[in-house]
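>>> got a predicted structure plus its sequence, pasted below:
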Amino acid sequence: LYRGRDRTFFFINYEGTRVRRGKTAQLNVPTADQRNGDFSQLNFRGNRPIYDPATTRPNPAGGGAIRDAFPGNRVPGGRVTEFSRLTLGLYPAPNRDTATGNNFVAGLSDISDNNQGMARIDHRFNDANSLWFRYSSFDGVASNKSPIDQGGSSTDNRAHNMGLGYLRIFRADTLYELRLGYNRPTYLILQDGAFQKDYASVLGIKNLLRDPIGWGVPQIGLSGFSGTGSDTNPTTQVSNVYQLINHLSVIRGAHSVKLGGEGRKTNYNDRSERFVRGSFSFQGAMTADPQRRSATGVSVADLLLGLPLTASGSATSLAANMNGFSYGFFAQDDWKIGQRLTLNLGLRYEINLRYTDVQNRLTLFDGDFPGGRLLLSGTSRAYIPGQGLVDGPATPRGLLPADRNNWAPRVGLAFRPFRDNRTALRMGYGIFYSMIQLEDVRSFVRNPPFGEVISLRADQDAGASSPDALRVAELFPAQGTPAARPDVYAPAKSY
């Protein structure tokens, strides 16, 4: 019924890895005195004179502004915000008493586990027809632990790959090959704290994404100290890549000719959040003397007062479901002109169509329009801040027309100058085209009206109650309001 002897071959492989990797975490954390607002021990742990931003006023003796020093170089307990108490509570206490450098050291252990396997079967039906199939998979998890509470992350990486090939030998000098391929990599990065605690609500931060997958601690940047949190993640990426390849090889006299084509579809599903837990940078600018900035101000003092220099946040999920198609066709000839000279001639044509989003969430910034506007892919609509959606020019689903002139000639030469076959000279020339990276395209779904990332910056010479200062208790402005001032992600005109 079935005679597979010398016709069917198979191979199965499994590999498992379990890694426990120790590491030493070294941090520069605020001291107990600093967390309580006491910076009186100057030149110890970055302490410098601090000035009260609530006393900011124009300089009567010249330009700029002036401020009064905090009495005793201490921030009064009544001025310390609940936001700072909670975020500083995420830091471990120092375990080394040193005036400079890292004052906390701890040993941690990360894991990196994976399972991977592959199976392949080859079957030869007869001398002219054969078939093969291959399947491989990978499943891995890894941790990136932090001694700061909720400061680490975990990565889950899975992949499935399949290939099918058919080979047909028409004659000794004519061969046809068909290959089908499918690849599905998935990639998930989760910050510690996801699905556990909505810190934005606890800390009183408004207008951030409330999806539990985005929960966790905000990113805190402290100049001169270790920061905590992350401005990225959760990150979820799932791709489906389908590939078809056809090749025909023919030998005629001194010519070995090969021609064929390739088609590929890439389906890319991406959710890469930015600033959904809020990001705050404290640099000591708000407690510095505007007349002596380089020698005054402490970042922890700015944090205690809840006065960041910059802040970023997002209330929208930045998701995309994109499809892209690419095609390539080629012909090449290895021409053996003589016993010692072979000429390689080839020509390839490629067309990589622009990626499109299934829901048409890609946007194109039109800087030539007065004040700027965002053109919505696949529509004749545009978004203008303050006006919302208005009529606009027709915009392709891929934002811009595809590049259709990708002709790629190839020339090569192999020459043996001597008859002893011990020396060979080889040279070649070719034109190659690279594809558009999805890392670039996926940012174009982050613009209004679909996504919105708000980035704000304070005037470092502003007073504590000035409208030009940022106050954590008032962040973030609601989406679509004039105060929001969202970032705009735009491709270069050569894109």
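Now that the structure is in, tell me what you want to look at. Residues are numbered from 1 along each chain as shown.

>>> low-confidence ranges in the stretch 1-150 of the chain?
Counting by pLDDT under 70, the ranges of the stretch 1-150 of the chain that qualify are 1-4.

>>> okay, Ala106 and Lys23: tell me how far apart.
10 Å (Cβ to Cβ, to the nearest Å). To be clear about C-beta, it is placed using only N, CA and C from the backbone, and glycine gets the same treatment.

>>> revised request: answer the last question for Gly101.
Separation of Gly101 from Lys23 (Cβ to Cβ) stands at 18 Å.

>>> those two - which one has more neighbours?
Each of Gly101 and Lys23 has its neighbours counted (other Cβ atoms under 10 Å); Lys23 has more, 12 against 9.

>>> show me where the protein has helices.
Counting by DSSP state H, the chain has helices at residues 32-35, 82-88, 199-203, 299-305, 438-441.

>>> elements contacting the second one?
In other words, helix 82-88. Contacts defined by 3 or more Cβ pairs under 8 Å, 6 or more residues apart in numbering; DSSP states H and E place helix 82-88 against helix 199-203, helix 299-305.

>>> if we use 10 Å, what do you get?
Applying 3 or more Cβ pairs under 10 Å, 6 or more residues apart in numbering; DSSP states H and E, one finds that helix 82-88 makes contact with helix 32-35, helix 199-203, strand 219-222, strand 279-282, helix 299-305.

>>> select, out of those, the one closest to Asp110.
Nearest to Asp110, of all the helices and strands packed on helix 82-88, is strand 219-222, at 20.9 Å by Cβ to Cβ.

>>> tell me the mean pLDDT over the closest one?
Strand 219-222 carries an average pLDDT of 96.

>>> swap in stretch 470-479?
For stretch 470-479, the per-residue pLDDT averages 93.

>>> how about that stretch: buried residues?
Under the neighbour-count criterion of 16 or more other Cβ atoms under 10 Å, stretch 470-479 has Leu470, Arg471, Val472, Leu475, Phe476, Pro477, Gln479 buried.

>>> separation between Asp68 and Gly37?
Asp68 is 16 Å from Gly37, by Cβ to Cβ.

>>> what's the answer for Ser112, then?
42 Å.

>>> settle it for me: which of the two has more neighbours?
Per other Cβ under 10 Å, whichever of Ser112 and Gly37 has more neighbours is Gly37, with 23 against 15.

>>> grab the nearest non-local neighbour of the more buried one.
Val75 (3.5 Å; Cβ to Cβ, 6 or more residues apart in numbering).

>>> what's around Ala93, how many residues?
Ala93 has 11 nearby residues by other Cβ under 10 Å.

>>> what's the answer for Asp97, then?
Quick note: Asp97 (other Cβ under 10 Å) scores 8 neighbours.

>>> roughly how far apart are it and Gln41?
Asp97 is 12 Å from Gln41, by Cβ to Cβ.

>>> then Leu27?
Distance from Leu27 to Gln41, by Cβ to Cβ: 20 Å.

>>> of these two, which one has the most company?
Leu27 (21 against 13).

>>> contacting residues around Arg426?
Thr342, Asn344, Gly412, Leu413, Ala414, Phe415 (Cβ atoms under 10 Å, 6 or more residues apart in numbering).

>>> rerun at 8 Å
Gly412, Leu413, Ala414, Phe415 (Cβ atoms under 8 Å, 6 or more residues apart in numbering).

>>> and the pLDDT for the last one?
Think Phe415. pLDDT recorded at Phe415 is 93.

>>> that one and Ala424 touch, don't they?
Yes - applying Cβ atoms under 8 Å as the test, Phe415 and Ala424 come out as touching, 7.0 Å apart.

>>> who's more crowded, the two?
Phe415 (15 against 12).

>>> how near is that one to His255?
Phe415 is 18 Å from His255, by Cβ to Cβ.

>>> swap in Ala106?
Separation of Ala106 from His255 (Cβ to Cβ) stands at 69 Å.

>>> hang on, the earlier thing: my read is that the residue nearest to Gly37 contacts Asp302, right?
No - counting by Cβ under 8 Å, Val75 sits too far from Asp302 to count as a contact (9.8 Å).

>>> so those two - more neighbours on which side?
Here Val75 and Asp302 are set side by side on neighbour count (other Cβ under 10 Å), and the busier one is Asp302, at 28 against 25.

>>> tell me the contacts of the more buried one?
Asp302 sits in contact with Phe282, Gln283, Gly284, Ala285, Met286, Thr287, Pro308, Leu309, where contact means Cβ under 8 Å, 6+ apart.

>>> widest-spaced pair of those residues?
For the contacts of Asp302, the maximum inter-member distance is 11.9 Å, found between Thr287 and Pro308 (Cβ to Cβ).

>>> need the pLDDT of the residue at the greatest distance from the centre of the chain.
Distance from the C-alpha centroid of the chain, by Cα atoms, centre = their mean, peaks at Arg419 (55.6 Å). Looking at Arg419, its pLDDT is 82.

>>> now the closest residue to Tyr91 other than its chain neighbours. Its backbone dihedrals?
Leaving aside its sequence neighbours, Tyr91 sits nearest to Val29 (Cβ to Cβ, 6+ apart; 4.6 Å). Dihedral pair for Val29: phi -110, psi 150, per degrees, to the nearest 10.

>>> I'm done for today, thanks for sticking with me.
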